[in-house]
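S.K.: What follows is a predicted protein model with its sequence.
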Amino acid sequence: MKEQFIDIPLVKNEAKKRFEIEIDGHFAFINYGETGKQIALVHTEAEPELAGTGAAVAVVEKTLEWIETNGYSLLPFCPYVFSYIKRHPEWKRIVDPGFMNYNEL
């Protein structure tokens, strides 16, 4: 994660069902679903004003840290999150082994 994002807090916005970070009034976020102690990440997006800044990577990293810290298992349905975990296999430790594409990570 770029240094400029380290101190930006992650918000679990339960009303919008998304994890988000705000940078200069603009958001990078991941939509999620939650069942018990599982979090399904379904879509990652950064507003156009944040394109190319690394905000999407920052929200993914912060969200994965939140999931692990809070004792959840992950279902990475979002292609962006899935590919991030493929590039950073140390995060496979939080993916639920029952996830349909677990062996592709």
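M.R.: Received, thanks.
S.K.: tell me the secondary structure for Phe27?
M.R.: Using DSSP: H, G, I helix; E, B strand; the rest coil, the structure places Phe27 in strand.
S.K.: so the residue lying closest to it once chain neighbours are set aside bridges to which residues?
M.R.: On the basis of C-beta to C-beta, 6 or more residues apart in numbering, the spatially nearest residue to Phe27 that is not a chain neighbour turns out to be Glu20, at 5.1 Å. In this view, the C-beta of every residue, glycine as well, is placed from N, C-alpha and C. Taking DSSP bridges as the rule, Glu20 bridges to Val11, Phe29.
S.K.: Correct me if wrong: Glu20 contacts Glu14.
M.R.: No. Taking C-beta atoms under 8 Å as the definition, Glu20 is not a contact partner of Glu14, at 11.1 Å.
S.K.: Neighbour count for those two, which is higher?
M.R.: More crowded of Glu20 and Glu14, by other C-beta atoms under 10 Å: Glu20, with 19 against 9.
S.K.: need the contact list for the most centrally placed residue in the chain.
M.R.: Nearest to the mean C-alpha position of the chain, counting by C-alpha atoms, centre = their mean, stands Val60 at 3.2 Å. Remark: with contacts taken as C-beta atoms under 8 Å, 6 or more residues apart in numbering, Val60 is in contact with Ile30, Thr44, Tyr80, Val81, Tyr84.
S.K.: Inside strands: which ones of those?
M.R.: Ile30, Thr44 (DSSP state E).
S.K.: which among the contacts of Val60 end up buried?
M.R.: By the neighbour-count criterion of 16 or more other C-beta atoms under 10 Å, the contacts of Val60 include these buried positions: Ile30, Thr44, Tyr80, Val81, Tyr84.
S.K.: State the pLDDT value of the residue lying closest to Ile8 once chain neighbours are set aside.
M.R.: The shortest distance from Ile8 to any residue other than its chain neighbours is 5.0 Å, reached at Ile21 (C-beta to C-beta, 6+ apart). Predicted confidence (pLDDT) at Ile21: the value is 98.
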